[in-house]
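K.L.:
test case, fold it:
(2 chains)
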Amino acid sequence: MTRRIQKTVPDIETLEDFHIAAYLVEDECGECLLSLAHQMEVHHNPLMAELFERLADMRKRSAAEIFAAMEPEWRKNIYMRDLRWLGESCPGAVDILSAHYRMQPWHGYRLALSAFDRIHDFYDEIAVETENDAVRRHAIDLRARIAADIRALEEELATIPEPEAAWDHDDDPPMIQE
Amino acid sequence: MNEAMRKPNDFKSGVKPIWCPGCGDYGVLSALTKAFARLNCAPEKIAVVSGIGCAARIPAYVNAYGLHGLHGRALPAAAGLKLARPELTVIAAGGDGDIYSIGGNHFIHACRRNVDMTLIVMDNRIYGMTKGQPSPTTEPDYPTHLYPAGTHVQPLDGMSLALVAGANFVARAFTGDPNDLAEIIVEAIRHPGFSVIEVLSPCVTFRPEEREWKHQIARHALTPAGSVAEALAAVASAPELSTGIVWKGNRPPYTGPGDQAGKRVQDVLDSFVA
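P.N.:
Presented below is the predicted three-dimensional model:
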């Protein structure tokens, strides 16, 4: 069953509504992943910094393409709309609270996939429920794009072994040592 | 630059934060920059003022005027700035220790004075920067290195204190939902007078169990009350991790002593002129 994650204000009724919502969702995901890349870079985990930057780039490119397809008039007030989403955070939000300075690619892929899956559900719900044919066509296109990205990530993830249970163990942890 | 095109990224300074990976304060930074974009503020018309602590590093990461000042003293500096430059949007920010303990007295009087500015308290219930000492909001039985069996001290209820001391807007939000927090910040900035937003912001290093807050938040369980008494009752009876706006008052903001002080200042200035 598809979760209901429609934007509360404005409702997605027109192509303008859809483009703006899609842009915000993709951009949110890209920004979260970029933030994670910076967190890992600052905390000396270059492998994860590089991975998160690559993952961020996937969504940033998608956001840029949506932005380029917008009518110039639509672009003016993108960030001045109500930002709340019904029931949960933005579908593109990545769970940054799950990040850890010793995390490994297996965690990174899973974190990103969780957000990518929610973006897919977002497009899927609009494609199924909208009564606007143009919105449906665009939602189906973007659903196909994110589905391809998800498949690519899942294939990469399948080649990575799951980390051992004590992956976050640190011989010199950031705690007072009495 | 086209003023209608300001983006959240326009309000990021480019300095990469050094908060721990997973820290809740990243969500506050994200929300704050979204709120500025939503309000279409000009960066040069914003000032972010802080004290000391992990949370208080935020001015460095925001593209606006900033003051990273003394421990606990964000509020008097912010109030002075707002009174001297009323056209600025002034944000004070800090952690639970900085605002409720070291700056506790300033917090009470800032609520009472009701200068038109917004305070963001990033509450993680621990002193993170100094490596895990109990803060004013730490639970009495929470074990730390300093107090292995807990402090057995009643935690401070910042929201209730804000209400009784006279804050004109009181809310709680969760950093794991930056879009919701951004909207609350927008409302707080727009509301006249002193606005207090307590943000539940997990410390993933010294309170790793706070990562679970994302599953325990009672989203929007708090709604604007009709009186301070009702707001206090709502805070007391709501689930511990409730979010939402609980109070929007209508007290007129304090704007300074007016001409009287101006004359006194002029007298002082004149006294230096031969």
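
K.L.:
show me where chain B has its strands.
P.N.:
B:46-50, B:65-68, B:89-95, B:117-123, B:169-174, B:194-200, B:218-222, B:242-248 (DSSP state E).

K.L.:
out of those, nearest to chain A?
P.N.:
With Cβ to the nearest Cβ as the criterion, chain A lies closest to strand B:218-222 of the strands of chain B, at 8.2 Å. Glycine gets a C-beta too; all of them are placed from N, C-alpha and C.

K.L.:
next one: the closest one to chain centre, how far?
P.N.:
19 Å (Cα atoms, centre = their mean, to the nearest Å).

K.L.:
give me the residues contacting it.
P.N.:
By Cβ atoms under 8 Å, 6 or more residues apart in numbering or on different chains, the surrounding residues in contact with strand B:218-222 are B:171-172, B:174, B:177, B:180, B:234-235, B:238-239, B:241-246.

K.L.:
and what of stretch B:103-115?
P.N.:
Residues from elsewhere that reach stretch B:103-115 (Cβ under 8 Å, 6+ apart): B:51, B:71-76, B:78-79, B:82-83, B:92, B:94, B:99-100, B:119, B:136, B:156, B:158, B:161-162, B:165-168, B:193-194, B:196, B:251-255.

K.L.:
do that again at 7 Å, thanks
P.N.:
B:51, B:72-76, B:79, B:82-83, B:94, B:99-100, B:119, B:161-162, B:165-168, B:193-194, B:251, B:253-254 (Cβ atoms under 7 Å, 6 or more residues apart in numbering or on different chains).

K.L.:
which among those end up buried?
P.N.:
Buried members of those, scored by 16 or more other Cβ atoms under 10 Å in any protein chain shown, are B:51, B:72-76, B:79, B:82-83, B:94, B:99-100, B:119, B:161-162, B:165-168, B:193-194, B:253-254.

K.L.:
what does the stretch 151-274 of chain B put close to chain A?
P.N.:
The stretch 151-274 of chain B comes close to chain A at residues B:176, B:177, B:179, B:180, B:182, B:183, B:202, B:204, B:205, B:211, B:214, as judged by Cβ under 7 Å from any Cβ of the partner chain.

K.L.:
and of the residues you listed, the nearest to residue A:130?
P.N.:
Set against residue A:130, the nearest of those by Cβ to Cβ is residue B:179 (22.0 Å).

K.L.:
what's the nearest residue to that closest one if we skip its chain neighbours?
P.N.:
Leaving aside its sequence neighbours, residue B:179 sits nearest to residue A:83 (Cβ to Cβ, 6 or more residues apart in numbering or on different chains; 4.1 Å).

K.L.:
that neighbour: which element?
P.N.:
Following DSSP states H and E, there is no helix or strand that holds residue A:83.

K.L.:
isn't it right up against residue B:182?
P.N.:
Yes - the pair residue A:83 / residue B:182 is scored as a contact, 5.1 Å apart, by Cβ atoms under 7 Å.

K.L.:
okay, the two: which has more neighbours?
P.N.:
Remark: of residue A:83 and residue B:182, residue B:182 carries more neighbours, 28 against 25, as counted by other Cβ atoms under 10 Å in any protein chain shown.

K.L.:
contacting residues for the residue nearest the centre of chain A?
P.N.:
Centroid check for chain A by Cα atoms, centre = their mean gives residue A:29 as the closest residue, at 3.0 Å. Contacts for residue A:29 (Cβ under 7 Å, 6+ apart) come out as A:59, A:92, A:94, A:115, A:119.

K.L.:
neighbours of the last one, how many?
P.N.:
Counted with other Cβ under 10 Å, the neighbours of residue A:119 add up to 28.

K.L.:
repeat that for the first one.
P.N.:
Using other Cβ under 10 Å, the number of residues around residue A:59 comes to 27.

K.L.:
so where's the longest helix in the chain?
P.N.:
Defaulting to chain A. Longest helix in chain A, counting residues (DSSP state H): helix A:15-42.

K.L.:
wait, chain B was what I had in mind.
P.N.:
Max-length helix for chain B by DSSP H is helix B:25-39.

K.L.:
buried residues, that one. List them.
P.N.:
Across helix B:25-39, burial judged by 16+ other Cβ under 10 Å covers B:25-39.

K.L.:
show me the contacts for the residue nearest to residue B:179.
P.N.:
Residue A:83 is in contact with B:34, B:38, B:179, B:182, B:183, counting by Cβ under 7 Å, 6+ apart.

K.L.:
run the last query once more with 8 Å
P.N.:
So residue A:83 contacts A:24, A:90, B:34, B:38, B:179, B:180, B:182, B:183 (Cβ under 8 Å, 6+ apart).

K.L.:
okay, now the fifth one: neighbour count?
P.N.:
Meaning residue B:179. When neighbours are counted by other Cβ under 10 Å, residue B:179 registers 22.
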